[in-house]
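Asker: I would like the atomic coordinates for the input below:
(4 chains)
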4 protein chains.
Amino acid sequence: MDFLERYKIVRKRTEDICRPLETEDFVVQPVADVSPPKWHIGHTTWFFETFILKNYLQGYKEFNPEYNYVFNSYYETVGARVIRTDRGNLSRPTVKDIFQYRKYVDDSMEQLLSTDYANELNELLELGFNHEEQHQELLLTDIKYILGNNPLFPAYTPSIETIEHSSVESFITIDEGIYEIGFNGSSFCFDNELGRHKVYLPQFEIATTLVTNGAFIEFIEAGGYTDFRHWHAEGLDWVKNNNISAPMYWHSIYGTWHHYTYTGLTPVNPHDLLNHISFYEAAAFAAWKGMRLPTEFEWEAAADKFTWGQRWEWTESAYLPYPGFKKAPGAIGEYNGKFMVNQKVLRGASEVTSPGHSRITYRNFFHPHLRWQYTGIRLAQ
Amino acid sequence: MDFLERYKIVRKRTEDICRPLETEDFVVQPVADVSPPKWHIGHTTWFFETFILKNYLQGYKEFNPEYNYVFNSYYETVGARVIRTDRGNLSRPTVKDIFQYRKYVDDSMEQLLSTDYANELNELLELGFNHEEQHQELLLTDIKYILGNNPLFPAYTPSIETIEHSSVESFITIDEGIYEIGFNGSSFCFDNELGRHKVYLPQFEIATTLVTNGAFIEFIEAGGYTDFRHWHAEGLDWVKNNNISAPMYWHSIYGTWHHYTYTGLTPVNPHDLLNHISFYEAAAFAAWKGMRLPTEFEWEAAADKFTWGQRWEWTESAYLPYPGFKKAPGAIGEYNGKFMVNQKVLRGASEVTSPGHSRITYRNFFHPHLRWQYTGIRLAQ
Amino acid sequence: MDFLERYKIVRKRTEDICRPLETEDFVVQPVADVSPPKWHIGHTTWFFETFILKNYLQGYKEFNPEYNYVFNSYYETVGARVIRTDRGNLSRPTVKDIFQYRKYVDDSMEQLLSTDYANELNELLELGFNHEEQHQELLLTDIKYILGNNPLFPAYTPSIETIEHSSVESFITIDEGIYEIGFNGSSFCFDNELGRHKVYLPQFEIATTLVTNGAFIEFIEAGGYTDFRHWHAEGLDWVKNNNISAPMYWHSIYGTWHHYTYTGLTPVNPHDLLNHISFYEAAAFAAWKGMRLPTEFEWEAAADKFTWGQRWEWTESAYLPYPGFKKAPGAIGEYNGKFMVNQKVLRGASEVTSPGHSRITYRNFFHPHLRWQYTGIRLAQ
Amino acid sequence: MDFLERYKIVRKRTEDICRPLETEDFVVQPVADVSPPKWHIGHTTWFFETFILKNYLQGYKEFNPEYNYVFNSYYETVGARVIRTDRGNLSRPTVKDIFQYRKYVDDSMEQLLSTDYANELNELLELGFNHEEQHQELLLTDIKYILGNNPLFPAYTPSIETIEHSSVESFITIDEGIYEIGFNGSSFCFDNELGRHKVYLPQFEIATTLVTNGAFIEFIEAGGYTDFRHWHAEGLDWVKNNNISAPMYWHSIYGTWHHYTYTGLTPVNPHDLLNHISFYEAAAFAAWKGMRLPTEFEWEAAADKFTWGQRWEWTESAYLPYPGFKKAPGAIGEYNGKFMVNQKVLRGASEVTSPGHSRITYRNFFHPHLRWQYTGIRLAQ
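Answerer: Predicted structure coming up:
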């Protein structure tokens, strides 16, 4: 597939995700971590404009110079930006304005990609596609948060498929030894996966399945949320300060657990995979089982021996640079490295990850208290 | 004019105010005091539905029972409500939904008002009209806040008229004596104006004009914002904690004061009336002039001797009950009384007050640090 | 009594109040409103040093120039100061250091007052005495807070007397008419009492007794704290945010109300006067009784017809300047005027007010949520 | 040395550290992380009482049952506790009370240790000694904070020795390979060091010396604190929100860097080792040099090839469990494991670490923004 075709497919998928939304759904930001959908639409567009069009398309005229201020996410190199908690206060540019901006940039990109552009662009294009795919997943999780925290619980889609899972745990044993960790191919990867390196692992066992809702309900019913022995001290503070007693989106209605899904409020299926739990909850659940979470190295060493891809799986590992990690110069270098403190690595992918965006070496990362992503638990011991 | 005709006029004016808005402008809530326009549209509708239709229109079927939760402002009597800071997080009901709700209630009200309804309704209708007129002014000031704090400074209207004013102060003298204060007529007034009572006033002088932008620029240039001698201790804390150095909406661009108005960002006209200042700023300005603000009783005693109606005028008076003040029973009794602490009375009216909504006995009230209303200064001594 | 003798008596009383304290009790500041006792000891000394000795005693050498920074309370005219919430973080100067400072200043004051000093000093001396008497009451209430919030509930004194009161309310009627309000004598008063002026009062009834613990327990048992109809909106927020369900220092132990007093934790005597309630609680109690609090003018007009002096009595009146109020020039002018916003007037005096410090025109003032002073309720209607 | 002798030496050293303090210095808690010295004195005593005397000394009578509430630090197993930020609000128990408690417990411990007590106690005694040694270091750093943030900058000691260091960096190369990490001896270690395990390390270079004040002043003068390229995103937020522009305790006086040391405020010696920097500053300095911090495994693998012990050295490693880490059952199991999230490992020891308390496998840990410990920088590449 050539880059132009690929560009059109990626960009169209973002718009398809937004199709069920009302204009109002594009605007709100109920918590700082969730961005308004219109911001995602604009920001992914700004990325192509700022890093490609302004540098490589001769005669390109910026759509609106003030948009840099509005749609820059965190790139200090590229100037001032609306602080993250303020994004939901901006009614302008309107959704229509932003789609016009998107069209303008798409037309210019098509023009650029139809010419004989420099090879050095390939890398930036790949980054732009992967960046947009990351925002597609964020769009889906942010939309879920916006609708799932609305008192009317509006549906996003009329139906979704559920696969039933067993709550019986089965484990495989991985031998001790030196394993190679990190990306090694010629295709795209993020800078944080690079620096393939050797890691020594002692023997360990890792589950071939993820934890189900049913298994987690046992934890709840056993008083797991209030038994301090299972929790990190900061986790217990988080539980107390936020009155946490169940995964995100769960509501107990006349004694039955329900949760918000894209179809609205529905009973929790015990055979479905657990979703929307924080690292603290994942670690407490594992401690309650007398087990632990795998490290990201264990996960990568074992991953071709189990199925993955339904949930982002919390690991015990902190998000840190691989040996020899180097930030790229300029704004692109701000992509990953500056977040390498106080976050946890998640491995795998989820049912809302964009197709083709997954890799066994992929390192996702979030703060340990966050739950609005599709997160789950794989046990190790 | 009969009540049905009056109903239609009042309700239409609210919709006219919203006509220049984009859908997105209806949704956001940049600070807690500013409500999303769509909330005003729904709340004024909910008021007629809750207090009139549900009690007086036989067979009336609520539009949507969940709307009570969404559109109740502060009436504890009428059940749970979305807390004020959360209103801007709600994308649903959509603007279209709310206008359908509005239409549904308007149709039912027309039906009710075309019949021979009980006389006891007159009072509630008057309250509903006046309530909606209050929200019309809030709509206009909230819209100004939403657009005026957007980095694109979008215009609300293509042009507005300005009347030029002199910055020369002239004073009239009011004799000492007993004055009658409070509402005395047979037409509508709010409960907080009732209880006409005698007040003894010593002789005082009060300005016949309001302070202009030009006069306030002198205060700024004299270092007024940083000279603690003019300020209440809490006012000075407010200035420091919020880095206040000019009225709201003012920006110094290359050394020239500009401000956001409904037409966008324009130079400050020194002959226009000062606008958007807090009580703290009003009191500090008066102290700097060696004068003071009038009390609300002085204002009322003198008001037929000067022109008023362009700005809500901060008074020295705290918002307190008049002698013999009684709360009405039920939800309507929550209208005014429970706010009678820590607020300041403003007298007069402003250029965005609804026509016919002004009275010499009208008591407006806000916390002393708030500035997004059309507020100004009249000096006394 | 001459000024020297008076000086010694006032200063000694402050030290007597501190005699039962351990060194550690002088140091802590459990909440921002409560100052460490050693700060009071130093601050009252600093007052005489700064406003009298440095200006009027020839050759006076400051004890320690850095103490100005430490012991200035809020006088912006006199330079930087330790912010109020930081006072409890300072272990130095030590208690011993501060008593040495006190001795040093006392010796210098004795030297000054033994000479033939200028008459203009009389006014400053009076202010210094009254200022120290105010701090004596604060010392007593701050000590109560420090010991009463310690989990060991240490006693301050082995015994205190209690006077029993009836919970039957009796009211006197005051006729409508013009009353003179404000200080009129030749002795000392604060600037906020000056400007004797006429006030017109409608007829009213005012209780001759204060509310007892027993009467307030009825309010609690009737669900008074949770019935929103009695509360100001801000009062209800305060109740909810701080989980308030009884007066300060009250603890329910096996179903019986106890409270901390200077002798330790003891059962609440229903015939004792209610103490340590906020304005919000006072107003809610009055509303529950179908009555109200008096205004400060009503209180002053009626005060020679009832007994007062056991509790500071919350009034409905906001703390505002009397007609013609003028701030004194310089630091002394910061004494009262700059606090005239968002506070409520309390009238009367309390059992911990310094002897001779009370007056019928005295205007005490606090924010409506504060409770650590000796506050009570007198009803009006 | 037998356990009784060892007990006496350890306990005496804690008291020696407190000898220069005034009573007031024992009481205050200027920030949440710094505990009042009297709390340390009581808490280390409570540790022996709770975990040893109450379980092993027959007939032991608790000194005061309420002290458990006051002196428990974070052990949920052992009941309620004063929350950390409130410790500085407690004037009682007094310093004298606490030293009496200490004496009482010491007498009982002597009695126990003079008998033929069970061997199982040895492990608890070792933990008690090491626990107290940890608090000795905290005492010294907390005292420094209390005095160093007092505007009078009182000295703790009349003189301290300084060793001069070169700012020329020299590096040694460590070969790639498998290294054994973790404690392996028969003497005492903490549970977090256990589980000696293999780690594969690529080749790396590590500095033989620590960064000096002089080298860090170059970073400051090069604008290091404001150049976002060197910082983690959270580090930059920390710098901005706290107005950080130099290490803790540094003050620029007439253009010369001074810092608070135990002797008071003195000029910064450029040849002394840098002290009191956060992980964020350490990482930013390393990035500015084009280098990085070592991991804790690199540090341990290389440590016998350089001098260490003057500063706790920030590593890149997050504080995580070693393979096979198991929490002990009961309260002792809360010692380390529950803190294994969001903290960084520091290796080495400092000049205020208790003698004999250091080990090459020792894992200290703090949140990345904390600076009041003796922290320094060793570079790697």
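
Asker: output the contacting helices and strands for the helix or strand bottoming out on mean pLDDT in chain A.
Answerer: Ranked by mean pLDDT, DSSP states H and E, the weakest helix or strand in chain A is helix A:67-71, scoring a mean of 91. Packing partners of helix A:67-71 (3 or more Cβ pairs under 8 Å, 6 or more residues apart in numbering or on different chains; DSSP states H and E): helix A:37-48. Placement of C-beta: from N, CA and C, glycine included.

Asker: what's the spacing between the helix or strand that the helix it packs on is followed by and its chain's center?
Answerer: Note on helix A:37-48: by DSSP states H and E, the next helix or strand toward the C-terminus is helix A:54-56. Centre-to-centre, helix A:54-56 and its host chain are 29 Å apart (Cα atoms, centre = their mean, to the nearest Å).

Asker: for the helix of greatest length in chain A, buried residues please.
Answerer: As assigned by DSSP state H, the longest helix anywhere in chain A is helix A:121-148. For helix A:121-148, burial by neighbour count (16 or more other Cβ atoms under 10 Å in any protein chain shown) applies to A:121, A:124-125, A:127-148.

Asker: residues of the least confident helix or strand of chain A that come out buried?
Answerer: A:67-68, A:70-71.

Asker: which residues are contacting it?
Answerer: A:39, A:42-43, A:45-46, A:50, A:78-82, A:90, A:93, A:101, B:151 (Cβ atoms under 8 Å, 6 or more residues apart in numbering or on different chains).

Asker: if you set the cut-off to 10 Å instead, what comes out?
Answerer: With Cβ atoms under 10 Å, 6 or more residues apart in numbering or on different chains as the test, helix A:67-71 has contacts from A:38-47, A:49-50, A:54, A:62, A:64, A:75, A:78-82, A:86-87, A:90, A:92-93, A:97-98, A:101, B:150-152.

Asker: so residue A:342 makes contact with residue D:341?
Answerer: Yes - counting by Cβ atoms under 10 Å, residue A:342 touches residue D:341, with 8.9 Å between them.

Asker: could I get the buried residue list for stretch A:183-190?
Answerer: Quick answer for stretch A:183-190 (16+ other Cβ under 10 Å): A:183, A:188-190.

Asker: next: stretch A:209-221.
Answerer: Quick answer for stretch A:209-221 (16+ other Cβ under 10 Å): A:209-217, A:219-220.

Asker: can you pull the contacts of the residue nearest to residue A:52 when sequence neighbours are not counted?
Answerer: Nearest residue to residue A:52 in three dimensions, chain neighbours excluded: residue A:124, at 5.6 Å (Cβ to Cβ, 6 or more residues apart in numbering or on different chains). Taking Cβ under 10 Å, 6+ apart, we find residue A:124 in contact with A:47-48, A:51-52, A:55-56, A:131, A:332.

Asker: closest one of the buried residues of stretch A:183-190 to chain C?
Answerer: residue A:190 (44.5 Å; Cβ to the nearest Cβ).

Asker: nearest spatial neighbour of that closest one, skipping sequence neighbours?
Answerer: That would be residue A:336: by Cβ to Cβ, 6+ apart, it lies 6.0 Å from residue A:190.

Asker: need phi/psi at that neighbour.
Answerer: phi -130, psi -40 (degrees, to the nearest 10).

Asker: how far is the longest helix of chain A from where the chain is centred?
Answerer: For helix A:121-148, the distance to the chain centre is 8 Å (Cα atoms, centre = their mean).

Asker: one step back: and the residue nearest to residue A:52, what's its pLDDT?
Answerer: Looking at residue A:124, its pLDDT is 93.

Asker: returning to that earlier point: looking at the buried residues of stretch A:183-190, which two lie furthest apart in space?
Answerer: Pairwise distances across these (Cβ to Cβ) peak at 9.2 Å, for the pair A:183 and A:188.

Asker: list the residues that contact both of these two?
Answerer: Joint contacts of residue A:183 and residue A:188 (Cβ under 10 Å, 6+ apart) are residue A:359.

Asker: so for stretch A:129-148, mean pLDDT?
Answerer: 98.

Asker: that stretch and chain D in contact?
Answerer: No - using Cβ under 10 Å from any Cβ of the partner chain, stretch A:129-148 stays clear of chain D, coming no nearer than 16.7 Å.

Asker: is that stretch positioned near chain B?
Answerer: Yes - Stretch A:129-148 is in contact with chain B by Cβ under 10 Å from any Cβ, via A:143, A:145-147.

Asker: tell me the one among the residues you listed nearest to chain D.
Answerer: Closest to chain D, out of all of the residues of stretch A:129-148 next to chain B and judged by Cβ to the nearest Cβ, is residue A:145, at 22.1 Å.

Asker: measure the closest one to residue B:84 for me?
Answerer: 21 Å (Cβ to Cβ, to the nearest Å).

Asker: kindly report the same for residue A:111.
Answerer: When residue A:111 is compared with residue B:84 (using Cβ to Cβ), they lie 49 Å apart.

Asker: chain A - how does it break down into domains?
Answerer: According to automatic domain parsing, chain A comprises the domains A:3-148, A:171-376.

Asker: those domains: which one's closest to residue D:13?
Answerer: Going by Cβ to Cβ, the one of the domains of chain A nearest residue D:13 is domain A:171-376, 28.4 Å.

Asker: need the distance between the two termini of the closest one.
Answerer: 17 Å (Cα to Cα, to the nearest Å).

Asker: centre of the chain versus that domain, how much separation?
Answerer: For domain A:171-376, the distance to the chain centre is 11 Å (Cα atoms, centre = their mean).

Asker: still on that earlier bit, out of the residues of stretch A:129-148 next to chain B, which one sits closest to chain B?
Answerer: Nearest to chain B among the residues of stretch A:129-148 next to chain B, with distances taken as Cβ to the nearest Cβ, is residue A:146, at 5.9 Å.

Asker: check contacts around that closest one.
Answerer: Residue A:146 neighbours (Cβ under 10 Å, 6+ apart): A:21, A:24-31, A:34-37, A:88, A:154, A:156, B:89-92.

Asker: near chain B, which residues of the stretch 1-150 of chain A?
Answerer: Going by Cβ under 10 Å from any Cβ, the residues of the stretch 1-150 of chain A near chain B are A:21-31, A:34, A:36-38, A:64, A:66-67, A:69-70, A:80, A:82, A:86, A:88-98, A:143, A:145-147, A:149-150.

Asker: at 7 Å what do you get?
Answerer: A:22-25, A:27-28, A:30, A:66, A:69-70, A:88-95, A:146, A:149-150 (Cβ under 7 Å from any Cβ of the partner chain).

Asker: returning to what we had before: what's the closest of the buried residues of stretch A:183-190 to residue C:281?
Answerer: residue A:190 (59.0 Å).

Asker: per-residue confidence at the residue of the stretch 201-350 of chain A found nearest chain D?
Answerer: Residue nearest to chain D within the stretch 201-350 of chain A (Cβ to the nearest Cβ): residue A:318, separated by 3.2 Å. As predicted, residue A:318 sits at a pLDDT of 98.

Asker: same check on the one 3 residues further on?
Answerer: At residue A:321 the predicted local confidence, pLDDT, stands at 96.

Asker: returning to that earlier point: what sits closest to the residue of the stretch 201-350 of chain A closest to chain D if chain neighbours are left out?
Answerer: Using Cβ to Cβ, 6+ apart, the closest residue to residue A:318 is residue D:318 (3.2 Å).

Asker: specify the beta-bridge partners of that neighbour.
Answerer: Assessed by DSSP bridges, residue D:318 has beta-bridge partners residue D:344.

Asker: isn't it right next to residue D:340, touching?
Answerer: No - using Cβ atoms under 7 Å, residue D:318 is not in contact with residue D:340, being 8.4 Å away.

Asker: would you list the buried entries among the contacts of residue A:146?
Answerer: Buried among the contacts of residue A:146 (16+ other Cβ under 10 Å): A:21, A:24-30, A:34-37, A:88, A:154, A:156, B:89-92.
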